[in-house]
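S.K.: No letters, just coordinates:
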């Protein structure tokens, strides 16, 4: 990878906002690049999560890139963030230098995240959405402890649980009706936390959907918070981890 300055658009996972990318963003900036952590509609502090659709998230990111006149960009997706990233890459095709997936879903075109999940997980998520008055899935401390950050200090688990916001159900139920990044001819990499156990399928399976092998980086699903040096270095192409 060259040493030219890049503009990184950092797209968060479910329940997360731009705050989750802040430690990594600071390291990308220190390396001479521009970094734009995104908070998607409905996921800001105090936002009403009801009624939002995947298209809203895509349009939000596209509008940010165009209004700020960022020119050529690198999209970096964490977890569920792979879904809006698919639509953004399509809308901005021709100005996306690369897509970097980090512990991320790689969508199957025309399938929602829930449709692509294993049946038991899909049924569980649908049930939570249908039972919620605002059709959102509300975060819990137990989820952070057991799925996102097992083995991490309790103080950090509690802090992250307090920062998470309800995930709009429409974001999980809508399918990206666009080609995959490899079909668009956009270069991509897949970074996978060594201890990530939060994804519904193995990271290697997601990476293989676009012809990649994952590059291993330190940490679990929330390594962008617990291991920002390693994640930033991997995004910059300086990872010392291995492919599997």
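M.R.: Looks like it arrived, so ask away. The shown structure was predicted, so the numbers you read here are calculated from the model rather than taken from an experiment. Numbers count the residues shown, from 1 in each chain.
S.K.: And residue 99, how close does it get to residue 134?
M.R.: Between residue 99 and residue 134 the computed distance is 31 Å (C-beta to C-beta, to the nearest Å). In short, each C-beta sits where N, CA and C put it, glycine included.
S.K.: scratch that, residue 144
M.R.: The separation that residue 144 has from residue 134, given C-beta to C-beta, amounts to 21 Å.
S.K.: cool, residue 64 as well?
M.R.: Applying C-beta to C-beta, the value for residue 64 to residue 134 is 25 Å.
S.K.: Residue 156 against residue 220, yeah?
M.R.: No. Assessed by C-beta atoms under 8 Å, residue 156 is found out of contact with residue 220, at 11.5 Å.
S.K.: which one of those two has more residues nearby?
M.R.: Applying other C-beta atoms under 10 Å to residue 156 and residue 220 shows that residue 220 carries more neighbours, namely 20 against 14.
S.K.: That one looks like it's in a helix, true?
M.R.: No. With DSSP: H, G, I helix; E, B strand; the rest coil as the criterion, residue 220 is located in coil rather than a helix.
S.K.: Quick check: closest non-adjacent residue to it.
M.R.: residue 195 (4.1 Å; C-beta to C-beta, 6 or more residues apart in numbering).
S.K.: so what's that neighbour up against?
M.R.: Residue 195 makes contact with 151, 219, 220 under the criterion C-beta atoms under 8 Å, 6 or more residues apart in numbering.
S.K.: I'd say the second one and residue 193 touch.
M.R.: So the one you mean is residue 219. Yes. Under the criterion of C-beta under 8 Å, residue 219 lies in contact with residue 193, with a separation of 4.7 Å.
S.K.: got any residues that touch both of those two?
M.R.: Taking C-beta under 8 Å, 6+ apart as the contact criterion, the residues that touch both residue 219 and residue 193 are residue 227.
S.K.: Cool, thanks, talk later.
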